[in-house]
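Engineer: Whatever this is, show me its structure:
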Amino acid sequence: MMSVMHDDLPKQVKAVLRELAGKAHEKALTQVLSQLDGDFQAWRKGEITPFELAQRIHLFHQGPDRQIHLRYTRSVDLEFLVVQSVREGFLDREEIPADVMPYLESAFALFRDAE
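Structural biologist: So this is what the prediction gives:
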């Protein structure tokens, strides 16, 4: 099993991991935005007031939106971020190129060992 520190990753591997993290970020954000979309639909139907909608938007921004933003923009460990995104269903393992997979083996192993 190959164990590589993030700083030692080849430039092309880092680029692929950043791209994968970007895809996962988009999928995570899409998931929580679809929940917020339900609030907009309820507002349009008159089921909630504009003030309630504004409060839900505020809570969304302070909660899920902020958590996702921080997770995907401040992560210093791309390997774990990508592996965690696979485990949470935001990425498919098959999306990871075969030549990049060896750099993720130790992260996958750590998650397996923690179960």
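Engineer: Can you get me a residue count around the nearest residue to residue 84 once chain neighbours are set aside?
Structural biologist: Leaving aside its sequence neighbours, residue 84 sits nearest to residue 111 (Cβ to Cβ, 6 or more residues apart in numbering; 7.5 Å). Every C-beta, even on glycine, is put in place using the N, C-alpha and C of the backbone. For residue 111, the neighbour count with other Cβ atoms under 10 Å is 13.
Engineer: just residue 57 next, same as before
Structural biologist: Neighbours of residue 57 using other Cβ under 10 Å come to 15.
Engineer: From residue 21, how far out is the residue nearest to it when sequence neighbours are not counted?
Structural biologist: If the residues on either side of it in the chain are set aside, residue 57 comes closest to residue 36, at 7.1 Å by Cβ to Cβ, 6+ apart. Distance of residue 36 to residue 21, given as Cβ to Cβ, to the nearest Å: 22 Å.
Engineer: where in the protein is pLDDT low?
Structural biologist: The model of the chain has pLDDT under 70 over residues 1-7, 113-115.
Engineer: any idea which helix or strand comes after the top helix by length along it?
Structural biologist: Using DSSP state H to define each element, the chain has its longest helix at helix 11-44. Heading C-terminal from helix 11-44, the first helix or strand you meet, by DSSP states H and E, is helix 50-60.
Engineer: got the angle between that next one and helix 11-44?
Structural biologist: Interaxial angle of helix 50-60 relative to helix 11-44 (axes from the mean of the first three to the mean of the last three Cα atoms, to 10 degrees): 160 degrees.
Engineer: What is helix 50-60 packed up against?
Structural biologist: Contact here means 3 or more Cβ pairs under 8 Å, 6 or more residues apart in numbering; DSSP states H and E; on that basis helix 50-60 packs against helix 11-44.
Engineer: quick revisit: the residue nearest to residue 57 and residue 105, how far apart?
Structural biologist: As judged by Cβ to Cβ, residue 36 and residue 105 stand 37 Å apart.
Engineer: now swap in residue 31 and tell me
Structural biologist: Counting by Cβ to Cβ, the separation of residue 31 from residue 105 is 27 Å.
Engineer: for residue 55, same thing?
Structural biologist: 45 Å.
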